[in-house]
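**Q** sharing a sequence plus its predicted fold:
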Amino acid sequence: MIDVSELTKQYGGRTVVDRVSFDCAPGTITGFLGPNGAGKSTTLRMLCGLTNAASGTATIGGTPYRRLANPGREIGVLLDASAQHSGRTGREVLTLSAGILQMPRQRVGQLLELVGLRDAGGQRVGGYSLGMRQRLGLAHALLGDPRVLVLDEPANGLDPAGIFWLRGLLREFADRGGTVLLSSHLLREVEALADQLVVIGDGQVVARGGRDELLAAAGVRVRARDRQALRRTLAGAGLPTQELEGGALLVHTAAETVGELAAQAGLVLLELRAADGGLEQLFLSLTGDRPTTTDQAQPREHP
Ligand SMILES: Nc1ncnc2c1ncn2[C@@H]1O[C@H](COP(=O)(O)OP(=O)(O)OP(=O)(O)O)[C@@H](O)[C@H]1O
């Protein structure tokens with residue numbers, strides 16, 4: 001369990017993280033979203049004890065990162081995949097860390113296999129692509145068999161197959177009771193992966209909650225064989241509708257509610273899904289910013 005409470009940070013007299021609070025429960029994946037410079041990385045760095053907070057607290061299982069006896073066994077962290085020793089091989093990097101974490105050496109081979117670097121384990125990290133460094137960073141984060149993962153832009157540099165693989169890996173980790181917190185600009189990625197969302201804009205949390213519940217605010221697109229009957233049914237349940245192109249209706253409620261009402265009324269639905277834009281619309285309306293919707297984000301360096 002991650003618990004962030006009233007976390008605040010100033011740089012040069014400017015508040016860049018402003019009383020940020022949220023928590024992440026075991027078995028869930030939380031997406032931490034916000035435009036460039038919103039304060040995501042700074043928040044994650046404070047959570048992982050890399051930057052001091054001006055005020056507020058951040059704990060992992062009730063303990064601040066710096067007071068964890070063997071942090072790598074509790075929390076796996078990947079904040080900057082490019083910050084790895086370029087002169088060592090992937091296998092050496094993991095073997096050194098396995099020693100520090102007191103993990104059995106055979107775990108190194110297992111993890112290289114898991115992240116798809118079995119054949120590249122003997123190559124120097126300096127020759128790795130960004131996607132390979134990201135995979136190595138994930139192996140590193142998973143090395144101590146932690147219950148919590150904190151990942152800053154983990155999909156950066158991964159190709160579509162890599163992103164698909166990452167999704168499965170994180171979902172399985174959460175399904176086994178792990179807690180995942182990941183930041184991303186890639187809204188479609190987060191939409192597909194996270195069950196909880198924390199949206200930050202200008203240092204402040206502007207929305208947080210279940211993904212489905214937050215997306216319901218963006219509305220549902222529904223199309224029935226008999227549009228007028230559907231409109232009457234929804235209106236009868238106190239749900240006003242708006243006309244969309246293609247004969248569809250926009251309604252502000254959960255898709256499940258629309259489906260149930262339609263079924264009760266014996267209506268045939270031809271389409272029922274989150275309204276176009278989904279998370280992107282939500283993000284824009286909350287932060288007034290333009291998100292990155294393709295895999296173009298670049299890693300940042302932190303002084
Ligand atoms: N070490 C630092 N010194 C001074 N200002 C900093 C430092 N680190 C971050 N900032 C500033 O704090 C603000 C928040 O930065 P942060 O990196 O946390 O944002 P972010 O949401 O992670 O952005 P991005 O998505 O672009 O990585 C920015 O205005 C940034 O310029």
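**A** Ah, there it is.

**Q** enumerate the residues of the stretch 1-150 of the chain near the ligand.
**A** Tyr11, Val16, Gly34, Asn36, Gly37, Ala38, Gly39, Lys40, Ser41, Thr42 (Cβ under 6 Å from any ligand atom). No exception for glycine: its C-beta is placed from N, CA and C like everyone else's.

**Q** which other helices and strands contact the helix or strand harbouring the last one?
**A** According to DSSP states H and E, Thr42 maps onto helix 40-47. Under the contact definition 3 or more Cβ pairs under 8 Å, 6 or more residues apart in numbering; DSSP states H and E, helix 40-47 sits against strand 2-11, strand 14-24, strand 29-33, strand 55-60, strand 148-152, strand 179-184.

**Q** picking up where we left off before, just flag the most distant two among the residues of the stretch 1-150 of the chain next to the ligand.
**A** Farthest apart among those by Cβ to Cβ are Tyr11 and Gly34. That separation is 16.3 Å.

**Q** between the two, which is the more surrounded one?
**A** Higher neighbour count among Tyr11 and Gly34: Gly34, with 27 against 11, using other Cβ atoms under 10 Å.

**Q** can you list the domains in this structure?
**A** In the domain annotation for the chain, the residue ranges read 2-208, 219-274 (automatic domain parsing).

**Q** circling back: of all the helices and strands packed on helix 40-47, which lies closest to Pro240?
**A** So among these, strand 29-33 is nearest, using Cβ to Cβ, at 28.8 Å.

**Q** just how off-centre is that closest one within its chain?
**A** 3 Å (Cα atoms, centre = their mean, to the nearest Å).

**Q** pLDDT value on Glu189, please?
**A** If you check Glu189, the pLDDT there is 79.

**Q** ok, it touching Ile163?
**A** Yes: using Cβ atoms under 8 Å, Glu189 is in contact with Ile163, at 6.4 Å.

**Q** what touches both of these two?
**A** Ala155 (Cβ atoms under 8 Å, 6 or more residues apart in numbering).

**Q** show me the helices in the protein, by range?
**A** 40-47, 71-74, 90-101, 106-114, 130-142, 160-175, 187-193, 211-216, 227-236, 255-264, 278-287 (DSSP state H).

**Q** where among those is average confidence lowest?
**A** helix 278-287 (a mean of 71).

**Q** compute the inter-axis angle for it and strand 29-33.
**A** Here the directions of helix 278-287 and strand 29-33 differ by 50 degrees (axes from the mean of the first three to the mean of the last three Cα atoms, to 10 degrees).

**Q** near the ligand, anything from helix 278-287?
**A** No: for helix 278-287, no contact with the ligand is found by Cβ under 6 Å from any ligand atom; the gap never falls below 10.5 Å.

**Q** show me what that helix is in contact with.
**A** 33-35, 38, 187-188, 190-191, 197, 199, 201-202, 206-207, 211, 214-215, 217-218, 275, 289-291, 293.

**Q** list buried residues within these.
**A** Listed as buried from the contacts of helix 278-287 are 33-35, 38, 187-188, 190-191, 197, 199, 201-202, 206-207, 211, 214-215, 218, 275, 291; burial here means 16 or more other Cβ atoms under 10 Å.

**Q** of the residues of the stretch 1-150 of the chain next to the ligand, grab the buried ones for ChimeraX.
**A** Selection of buried members from those for ChimeraX, criterion 16+ other Cβ under 10 Å:
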select :16,34,38,39,40,41,42
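
**Q** just give me the closest of the residues of the stretch 1-150 of the chain next to the ligand to Met132.
**A** Ser41 (21.8 Å).

**Q** ok, the closest residue to the closest one other than its chain neighbours to the ligand distance?
**A** Closest residue to Ser41 apart from its sequence neighbours, by Cβ to Cβ, 6 or more residues apart in numbering: Asp152 at 5.7 Å. Asp152 sits 7 Å away from the ligand, going by Cβ to the nearest ligand atom, to the nearest Å.

**Q** so what's Asp152 up against?
**A** Here Asp152 is in contact with Lys40, Ser41, Leu44, Leu78, Leu79, Asp80, Leu182, Ser183 (Cβ under 8 Å, 6+ apart).

**Q** surely the first one is in contact with Leu182?
**A** The one in question is Lys40. No: using Cβ under 8 Å, Lys40 makes no contact with Leu182, being 10.0 Å away.
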